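Trainee: here you go, sequence then predicted model.
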Amino acid sequence: MSDDHDHHDGHDDHELRVSKIRSGTVIDHVRGGQALNVLAILGIDGSDGEEVSVGMNVPSDRLARKDIVKVEGRELSQDEVDVLSLIAPDASINIVREYEVVEKHRVERPDVVEGVLSCPNAECITTGGEPVTSQFEVLDDGVRCSYCDTIVREEIASLIDT
Amino acid sequence: MRHDHLITSKQLSRADIETVLDRAAEIDADPAAVADRHANAVLGLLFFEPSTRTKMSFETAMKRLGGTVIDMGSVESSSVTKGETLADTVRVIEGYADALVLRHPRQGSATMANELVDVPLLNAGDGAGHHPTQTLLDLYTIRENAGLDDLTIGIMGDLKYGRTVHSLAHALTNFDAHQHFISPESLQLPREVVYDLHQADDGVRVREHDSLEEILPSLDVLYVTRIQRERFPDENEYQKIAGEYQIDLETLEDASDELTVMHPLPRVDEISPEIDETDHAAYFEQAHNGVPVRMALLDLLLSENGGDHDE
């Protein structure tokens, strides 16, 4: 179970920072500093009234520092989980119902992500006011625009289309 | 290759290329035999950037197959000035034409347009991206002059923005070709293209250089492109390197007598006119080959898609 959702792992003091949720999703083991990008990639900005808790740079057994995102009342789909792999490859996803973790997934890298990232190439057709959804092929070490071929290996989070 | 579009040379296998080149050779030998082959076909020309050779050779090719051409004209005289998107333009014009030829300044434009139309679509240049029909006529010219296997080719000039170079480099990975890329550091091949070449050819037969001198004697073909002065923010930087990427008879003293010199044209000063009259020069032949190669391509695409005279 999540070392932040479970009260039996010796990190109770950290639990005080991010409360347990009744039903929804806990995204755990996000790399430190990436929590807000996780919310951006999921299109969660609070404007729909979602109850969201975020812990940033908390101590972790597996990562030196990690972020945690808890979304009350929403269970992430596999597609949503997969796109998280671009910025949070170590993340684990816990689906919570009535305070119990009922499902636990690791993210998997998808072959393609659509409508999530903006191409950094200003000459790409996807940046030119056309009715086209951005699409990136996921490489072992980055992503590649399916339209203009541009490869991005670093700072992928900066491409998130918010 | 799905025989209903041509967006990038990456989609072409060796067999696809040979099918087009063989058909072009047949047409070249007897153009009268195909004079009425697509008498009812209409080709739509959508050129959002200036073009002379590509546009006129497509127009000539379609007319020599018996078909007709419709042309949206210059961007200034089209609905683009009213704010119409490319997506809408191609969806409208596909209703008028049996096939479309698209040139557009943005990379990936042909990929997007192809997703929206049902008629065959040919990419005639998408920004600094690809120009696959130019590649087919380049390959036809190389095959005629030097052969496509056991080939050592030097590709020199503006490799960064040169879409003809990107397409040719991809296509040559289908053949036993050693590719040498010669450019100033600031105009090297895009890393995306290098990535693809290494994926296709494990990098063994692709090399990059900043000078022609050391590899010139080994070349069968030298493919020259224009170093684009307007790409340099500092004129002095351009002047420093420009002379190193111009060729004249003196430059070619160490070249093989059999060296074929090519250029997609237009040239400015990168190939001295004194080379025009030598056996090295193949660039005007290369431009002329645009017609039979584009006739072959249109014939294959239109026949595949319910054209007039399927054999």
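Mentor: Yep, that arrived.
Trainee: pull the contacting residues for the residue of chain A at minimum distance from chain B.
Mentor: Going by Cβ to the nearest Cβ, chain B is nearest to A:Tyr147 of chain A, at 2.8 Å. Any C-beta I mention is one placed from the backbone N, CA and C, and that applies to glycine too. The contact partners of A:Tyr147, taken as Cβ atoms under 8 Å, 6 or more residues apart in numbering or on different chains, are A:Cys119, A:Cys124, A:Ile125, A:Thr126, A:Val132, A:Ser134, A:Gln135, B:Gln107, B:Gly108, B:Thr111, B:Met112.
Trainee: ok, now which ones touch the first one?
Mentor: When contacts are counted by Cβ under 8 Å, 6+ apart, A:Cys119 touches A:Thr126, A:Thr127, A:Ser134, A:Phe136, A:Cys145, A:Tyr147, A:Cys148, A:Thr150, A:Leu159.
Trainee: on that earlier part again, closest one of the contacts of A:Tyr147 to B:Gly157?
Mentor: Of all those, the one with the least separation from B:Gly157 (Cβ to Cβ) is B:Gln107, at 19.2 Å.
Trainee: my guess is the closest one meets B:Gly125, correct?
Mentor: No. Counting by Cβ atoms under 8 Å, B:Gln107 sits too far from B:Gly125 to count as a contact (10.2 Å).
Trainee: what residues does chain B put near chain A?
Mentor: Applying the criterion Cβ under 8 Å from any Cβ of the partner chain, the portion of chain B that neighbours chain A consists of B:85-87, B:104-109, B:111-112, B:115, B:126-129, B:190-193, B:195-196.
Trainee: between the contacts of A:Tyr147, which is nearest B:Asp254?
Mentor: Using Cβ to Cβ, B:Gln107 is the member of these that lies nearest B:Asp254, at 37.2 Å.
Trainee: the contacts of A:Tyr147 in helices, which ones?
Mentor: Assignment to helices by DSSP state H places the following of the contacts of A:Tyr147 there: B:Thr111, B:Met112.
Trainee: how many neighbours does A:Val81 have?
Mentor: Neighbouring residues of A:Val81 were enumerated by other Cβ atoms under 10 Å in any protein chain shown; the total is 22.
Trainee: C-terminal to the strand or helix carrying it, what's the next element?
Mentor: Per DSSP states H and E: A:Val81 is located in helix A:78-84. Proceeding C-terminally, helix A:78-84 gives way to strand A:92-97 as the next helix or strand, assigned by DSSP H and E.
Trainee: what packs against that next one?
Mentor: Under the contact definition 3 or more Cβ pairs under 8 Å, 6 or more residues apart in numbering or on different chains; DSSP states H and E, strand A:92-97 sits against strand A:24-31, strand A:100-106.
Trainee: which pLDDT value goes with the residue of chain A most remote from its centre?
Mentor: Computed with Cα atoms, centre = their mean, the residue of chain A farthest from its C-alpha average is A:Glu123, at 28.3 Å. You'll see A:Glu123 listed with a pLDDT of 95.
Trainee: how close does it get to B:Thr111?
Mentor: Distance, A:Glu123 to B:Thr111, using Cβ to Cβ, to the nearest Å: 14 Å.
Trainee: which ones are touching the nearest residue to A:Cys119 once chain neighbours are set aside?
Mentor: Take A:Cys119 and drop its neighbours on the chain: the residue closest to it by Cβ to Cβ, 6 or more residues apart in numbering or on different chains is A:Cys145, 4.6 Å away. For A:Cys145, the contacting residues are A:Cys119, A:Asn121, A:Cys124, A:Thr126, A:Ser134, A:Gln135, A:Phe136, A:Ile151, A:Val152, B:Gly108, by Cβ under 8 Å, 6+ apart.
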